[in-house]
Every structure is written in C-alpha cells, then in structure tokens.
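Q: Sequence and predicted structure, then a few things I'm wondering about:
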Amino acid sequence: MRLLMTICLLAAMPWTASAAPTWQTISSEPGKRIEIDRANLKRENNTVQARGRVILDKELIDSRSGAPYRIIEAITRYDCSTRSAMTIKRIFKKNENDTVREEESKGVDLPVRTGTLDDKVLREVCRPPKDNPAELAQKASEAAGQLKQANEALLKKELARTEKPETLRIADGGHLSGPDVNETERAAIPSIRPKLRVAAESAKEIPAPVPQQVKEIAPNKATRFTTRSTGHAPPTRAKKAASKVEGYMLEMTQFQLEAATQHALIHWDYEGAGGPDNWSKLDPQNKTCATGDRQSPIDIRDGIKVDLEPIKFNYRPSTFRITDNGHTVQVEVGDNSISLTGKTYELVQFHFHRPSEEKVNGQRFDMVVHLVHKSDDGHLAVVAILLEHGNENPFIQTLWNNMPLEKNQPVDPPTATIDLNALLPASRNYYTYMGSLTTPPCSEGVLWLVMKQPAQISQDQINIFGRLYKNNIRPIQPTAGRLIKEGR
C-alpha cells in the first residue's frame, strides 16, 4: 500500500521544462570560486537576470540555522546600460543538492564598482549571447521530455510489480475496498485523495522561509531558517521581523544580508525576560554570550601606549537608508571602507547606542556610534566614535531629519546625502582590542577600534534618540587579561 501511495504521489506531481544549470567559472581566487549559469540567462533589452554562485573551499556555519554551507547562489538582475545590480534571491547550500535556506531580497539597484567580482559578472553576462535562444529552449524541452518518459517508465514498472492490483481501488468515500478488505480495515485506512490534493498544492506553492533577524554579522556566520518562539517573552512583546535586504550578488551576499537585519531579532532585548542576563538562554546559538572570554563592551583602561598604524578611512559622500529596527537606529550606505594592516574592510552599517556601551577609564559618554565593517575573508572591524554633549552635529541632524515614522520600515531619502568624514573626530588616534559583537549571538573575533577623541552632539539630538531608546546597551564585560593598545 505504501508503494502504491508513493506511485500515485509521483504521478500527481507536475512536470516543468527548465534547462539544467550550465555552470561556467569566471573567477577563481584563494578560498573561493565564482560561477554563473550560462544556460538560464534571461535578457530583456539592457537588463540581464543571472544566476551565479560562490563555491567556498571551506564550510561556514550559518549563524541562524546552525547548519554548515559551502555554496551561496544568488539570482541577480544586472542593468548593462547603467552598470547597476540588484539581488533578487539568495540560496545557501551545503552541497549541490542540500539547501540550508533560501531568502528573497527586496532592495534597490546599486552601482557596480569597477574591479569588483560583480564587475566581472556584469561584464560576462552583458556580452552579446553566443547561443541561439531558440536552440537553448529546444534543448531544455528535449531534456524535460526525456525526464518525463523516464519517470513514466518507472511508474509502469512499479505498478507491474504491485501484487493483487484488482483488490485495490479508490472508493467514492475515500476508503480502499475489495474482497480482501474487511470493514475494520476500511475504517482504519485513511483516504489517499486528500494526500494527493495536498501534494499537488504543495508542488504549486512552496512557502518562502521566514528570515530570522540579527544585529551585526558573526565572523563564521551564514544565515536565514525559521523564527522560533522561545517562551521567554510574552507574545504581546514580539516585534515584527523585517527582512529588507539588498545588495550585490557576490560581495554583499553575506555581510549585507545579515548585518542589514541583525538588530531586529525578536527574542532578545535590553531589559526584562529578554535582557542580557538571559541572552544565552533564549537560543542555543547565543551560548557565547555566557561562555565567551573575549566579550564586548569593556572598560578600556591600562592600555599599553604604542605607535599604532593609522586607520585609512575611505569614506565618501553617499545616499543612505535609515531604519528604526526595534533595537537602535541603523544606517546603511554604499561604497565606504577602511584599510588597516594591509586589509580592507567594507562598511556594512552603522548604528547608535545611548549611553555609550564602552567605558574609557571608568567613564561613559552620552552616546556612541558603532560603524561595522567586514573584510573579504569574513573578519569584522568596528570603529566606535564616542559622542559627548556639546554643539549640534550636522551629520546626525541629517539622519534625525529622515527618521522613520514606523519601526522596521526603512526610509531611502531621494536627495539627502551624508559624508562620514564629517562624523570623524579631528584626531584619528584610537584604542584597539579584540572583542565580540555586543548583541546576540555575541560572536568573538571582532577587531574593535575606539576613537580616543569624542565627537559632539547637542542635548536636543540626544533627547530625540532618547525618545526611542533610553538605554540600549549591554553591560560591561570582563577584560579577562586581554591586551589593549592605545595610540600615543
């Protein structure tokens, strides 16, 4: 009977004609290989929709699902005339056949920078097609027909092996009937018809996974994938998880995806049942919040004074996106980075805390800005700019002028721009130490760069943020013998 049910389910599944992926390597670098699917490029005027993937030499662990993955596929739309790109969907896979999770992306077209991996993809897909589209469609149709014939042959073979087929039929009432089926068996055997309908509906529409939200990216992460209810916070306190993710197919696949949404995790908070003392209990992935020995923030004191390498700030004026994500005000910009020790870290996002999370020689400041950067090899560097009461800050006022009216509803000002150079203090001297994210999952291995000279912010500007978040900080963590360096 189980065999017959399997056969019927197979027979009910729809057959679709889609060409098998034809992967072509366009870039091979240490630790990763970049490929595009040549067979399924979709061209319309000056735009091309392409499926690409990054194949990693080593597995990474998805911080949201806990599963390992080595392949990141992305469906991206490239505009060949304006040299811009927008990611539509990302798929994280353990291998060719096992998918860890998928996620849809709703964003805007972003310019493709020259010399980047996306620039290589854009140049490749925007070339005139070498293959005749009609020939590709014919090949796809032939492949689908062969697959259908093979499965029909399999069904016939399995049906021929079924014993006593004449005793099995679907009765109008949904039960099996025949001379060898007694009344008890008829009542005990469930109907196959509903299962066929469920299978058919499932084949037509597969619900997209619900992304789990997080604040900053863990160095070994990967993402988003079911939202789980922990029972530690009442349902009335649950915040809507929003996943507005955009970016380039390859270079923004990981950090843009996760960092853009990490502050909106619904299971943790700064007080009550979801407060810092309970972070490690809310989710097994947060265990480092309790067991880690390199946690942030810390009280920065007793540092050794040395000649530190200057941080090279590659900041420029840019449009921005601002979001009140339920834990802070977070801002995303494009094409900004820092360089240090021969490594470049792209700016993912920056956000605010009130008061400052870190202390300096026991002193807290009125607020702090954390600028989260990520390198190509997955390492994080956070630049912290302390804010103290003083004159009005024009940079921050531009952000406050465009503050969203609703949580998790990003605002993209059409004309306003910001220049992070205006936020940096005159002196670029800094403290540095190794720490962690200051929110779940509290992942360690984060390079902290805390500017020694604070920037100024007016009391009115502090009060505006205070209307939203009076205290969104994690308590000071033990230094645990860590080395702290201080520029002299």
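A: Perfect, thanks for sending it. Numbering: from 1, shown residues only.
Q: count of residues packed around Gln477?
A: Summarising burial for Gln477: neighbours were counted as other Cβ atoms under 10 Å, giving 22. Just so you know, the C-beta spots here come from the backbone N, C-alpha and C atoms, and that holds for glycine as well.
Q: Show me the shaky parts of the protein.
A: 1-18, 63-64, 105-109, 113-117, 128-140, 143-144, 158, 161-267 (pLDDT under 70).
Q: Domain-wise, how is it divided?
A: Following automatic domain parsing, one finds the domains of the chain at 1-162, 291-487.
Q: can you list the ones you listed in CSV and add distance to Ala273?
A: Output for the domains of the chain, formatted as CSV (distance: least, Cβ to Cβ, whole Å):
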stretch, distance to Ala273
domain 1-162, 21
domain 291-487, 14
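Q: just those domains: most buried one?
A: Compared across those, domain 291-487 shows the largest average neighbour count, a mean of 18 (mean count of other Cβ atoms under 10 Å).
Q: Between the two ends of that one, how far is it?
A: End-to-end distance of domain 291-487 (Cα to Cα, to the nearest Å): 30 Å.
Q: now do stretch 439-457
A: End-to-end for stretch 439-457, by Cα to Cα: 24 Å.
Q: For the stretch 51-200 of the chain, just list every one of the helices.
A: 117-125, 133-161, 183-188, 193-204 (DSSP state H, counting those that start in this stretch).
Q: my read: Leu380 touches Val372, true?
A: Yes: applying Cβ atoms under 8 Å as the test, Leu380 and Val372 come out as touching, 6.6 Å apart.
Q: Would you mind measuring from Ile72 to Ser436?
A: 24 Å (Cβ to Cβ, to the nearest Å).
Q: what does Arg301 give?
A: From Arg301 to Ser436 the distance is 18 Å (Cβ to Cβ).
Q: what's the answer for Tyr78, then?
A: From Tyr78 to Ser436 the distance is 37 Å (Cβ to Cβ).
Q: For Leu380, which non-adjacent residue is spatially closest?
A: Leaving aside its sequence neighbours, Leu380 sits nearest to Val446 (Cβ to Cβ, 6 or more residues apart in numbering; 4.6 Å).
Q: Contact partners for the one you found?
A: By Cβ atoms under 8 Å, 6 or more residues apart in numbering, Val446 lies in contact with Pro219, Ser296, Leu380, Ala381, Val382, Met434, Gly435, Ser436, Leu437.
Q: Show me what the longest strand along the chain is packed against.
A: Longest strand in the chain by number of residues, with DSSP state E as the criterion: strand 47-61. In terms of contacts (3 or more Cβ pairs under 8 Å, 6 or more residues apart in numbering; DSSP states H and E), strand 47-61 is packed against strand 32-37, strand 42-44, strand 68-79, helix 117-125.
Q: partners of that strand, with directions?
A: With DSSP bridges as the test, strand 47-61 is paired with strand 32-37 (antiparallel), strand 42-44 (antiparallel), strand 68-79 (antiparallel).
Q: Tabulate these (a markdown table), appending distance to Lys120.
A: As requested, the strands paired with strand 47-61 are exported to a markdown table (distance: least, Cβ to Cβ, whole Å):
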| stretch | distance to Lys120 |
| --- | --- |
| strand 32-37 | 7 |
| strand 42-44 | 18 |
| strand 68-79 | 12 |
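Q: Between those strands, which one is closest to Thr328.
A: strand 68-79 (27.3 Å; Cβ to Cβ).
Q: Help me confirm that Gly466 is found in a helix?
A: Yes: counting by DSSP: H, G, I helix; E, B strand; the rest coil, Gly466 is part of a helix.
Q: contacting residues for the residue nearest to it when sequence neighbours are not counted?
A: Computed as Cβ to Cβ, 6+ apart, the closest residue to Gly466 that is not its neighbour in sequence is Arg354, at 6.1 Å. Taking Cβ under 8 Å, 6+ apart as the criterion, Arg354 is in contact with Asp366, Met367, Ile462, Phe465, Gly466, Tyr469, Lys470, Asn471, Asn472, Ile473.
Q: Tell me how far Arg354 lies from Thr344.
A: 31 Å.
Q: now swap in Glu309 and tell me
A: On the measure of Cβ to Cβ, Glu309 and Thr344 end up 14 Å apart.
Q: Between the two ends of stretch 288-295, how far is it?
A: 9 Å.
Q: meant to ask about stretch 78-91
A: 18 Å.
Q: One more: stretch 269-285?
A: 16 Å.
Q: List the buried residues for it?
A: By 16 or more other Cβ atoms under 10 Å, the buried positions in stretch 269-285 come out as Asp269, Tyr270, Ala273, Gly274, Pro276, Asn278, Trp279, Ser280, Leu282, Asp283, Gln285.
Q: can I get these in a markdown table with secondary structure and distance to Arg90?
A: Listed next are these as a markdown table, based on DSSP: H, G, I helix; E, B strand; the rest coil; distance: Cβ to Cβ, whole Å:
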| residue | secondary structure | distance to Arg90 |
| --- | --- | --- |
| Asp269 | coil | 28 |
| Tyr270 | coil | 30 |
| Ala273 | helix | 33 |
| Gly274 | helix | 28 |
| Pro276 | helix | 31 |
| Asn278 | helix | 31 |
| Trp279 | helix | 27 |
| Ser280 | helix | 29 |
| Leu282 | helix | 26 |
| Asp283 | coil | 22 |
| Gln285 | helix | 20 |
